[in-house]
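1. pasting the sequence and the predicted coordinates here, then a few questions.
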Amino acid sequence: MKIVRFLKDGQIRYGLLDGERIDVLAGEPFEAIRPDGTTAALGEVKLLAPVSPPNVLAIGLNYRQHALETKAAIPDRPLLFIKASTSVIAAGDPIVLPAMAPDEVDYEAELAVVIGRAARDVAPDDALSYVLGYTCGNDVSARDCQKRLDRQWARAKSFDTFCPLGPWIETDLDPTNAPVRCRVNGRTMQDSSTSDMIFPCAQLISYLSHCLTLLPGTVILTGTPPGVGVAREPAVYLRAGDVVEVEIGGVGVLRNPVAAARA
């Protein structure tokens, strides 16, 4: 199933996407998925980010080849950081280069996990049963803030518009072997698979649930594969007018233009 979150007639609703038709749900999809008997046409609504997360939890250096390209040691436990929920935008919304740090903004294609029910201290074998589904994510990062200017990653990862998610939540996916790709202006920059993850999704969910309660709607960004802009020679950063596409095999394509901050 493809779960969408959309705006129509001033109301935010969830629904199940079937071609060009949306079967509207009665309430949110976290406790139960119940169509309310009404439909909406895809062309008549605005698709929003597929979830409004209470927390966005992100994992650094979770692909072996990405750790190698950045000359970092392979971590022995998941490296957790948090992105502000105000950084979330939908497919089609612009990634805005922040006025205070516009020069070294980078893309990071990621499989995003959406938690479906509260999870605390869960075992790895049970972890995937707490998942509502999966979507495409882009962990946009201001590398100058991350690498040189700050002593931690919060600002670099949390500027407004720095967490595109979408276009929908796919409930039927094998997260252990899904293709992950990123294109900038049609040029393939990242092309890998979740099979290169150091800590697979079930292990991440279990680990994080022992750190904090994973509330329904929590998004987990599971790390990015090799090919990020900062690791290239010369480095490649996003510029106004670019178009970034994150594709997760079995989910879809998340596409966002890049814009300069308004004066």
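-> Done, it's in. Numbering: from 1, shown residues only.
2. in this structure, which helix or strand is least confident?
-> Least confident element among the helices and strands of the chain, by mean pLDDT, DSSP states H and E: helix 64-69 (a mean of 89).
3. what comes into contact with that helix?
-> By CB atoms under 8 Å, 6 or more residues apart in numbering, the residues outside helix 64-69 that reach it are 61, 73-75, 192, 196, 198, 223-228, 231. For the C-beta atoms, the positions are set from N, CA and C on the backbone; glycine is no exception.
4. neighbour-wise, which one of these leads?
-> Sorting the contacts of helix 64-69 by how many neighbours each has (other CB atoms under 10 Å) puts Thr224 first, at 29 neighbours.
5. gap between that one and Ala84?
-> Counting by CB to CB, to the nearest Å, the gap from Thr224 to Ala84 is 18 Å.
6. just the helices from the stretch 51-200 of the chain, written as ranges.
-> 64-69, 124-127, 143-144, 154-158 (DSSP state H, counting those that start in this stretch).
7. separation between the residue nearest to the spatial centre of the chain and Thr70?
-> Closest to where the C-alpha atoms of the chain average out (CA atoms, centre = their mean) is Gly137, at 2.2 Å. Distance, Gly137 to Thr70, by CB to CB: 19 Å.
8. now do Gln146
-> Distance from Gln146 to Thr70, by CB to CB: 11 Å.
9. quick one, which of the two is more surrounded?
-> Between Gln146 and Thr70, counting by other CB under 10 Å, Gln146 is the more crowded of the two (21 against 13).
10. sorry, back to before: Val253: which of the helices of the stretch 51-200 of the chain is closest?
-> For Val253, the closest of these is helix 64-69, at 21.0 Å, according to CB to CB.
11. pretty sure Val56 contacts Phe81?
-> No. Val56 is beyond contact range of Phe81, at 9.6 Å (criterion: CB atoms under 8 Å).
12. need the overlap of contacts for the two.
-> Residues touching both Val56 and Phe81 (CB under 8 Å, 6+ apart): none.
13. next one: stretch 140-147 to chain centre, how far?
-> Chain-centre distance of stretch 140-147: 17 Å, with CA atoms, centre = their mean, to the nearest Å.
14. avg pLDDT for stretch 112-125?
-> For stretch 112-125, the mean per-residue pLDDT is 98.
15. swap that for stretch 9-16, sorry
-> The average pLDDT within stretch 9-16 is 97.
16. where does Pro200 fall, phi/psi-wise?
-> Backbone torsions of Pro200, given as degrees, to the nearest 10, read phi -70, psi 170.
17. tell me the pLDDT at it?
-> Pro200 carries a pLDDT score of 98 in this model.
18. without its sequence neighbours, what residue ends up closest to it?
-> Thr176 (5.6 Å; CB to CB, 6 or more residues apart in numbering).
19. what about the one you found, how many residues nearby?
-> The number of residues packed near Thr176 is 13, by other CB under 10 Å.
20. the one 4 residues further on now?
-> When counting by other CB under 10 Å, one arrives at 27 neighbours for Val180.
21. that one and Glu245 touch, don't they?
-> No. Counting by CB under 8 Å, Val180 sits too far from Glu245 to count as a contact (11.9 Å).
22. no further questions, thank you.
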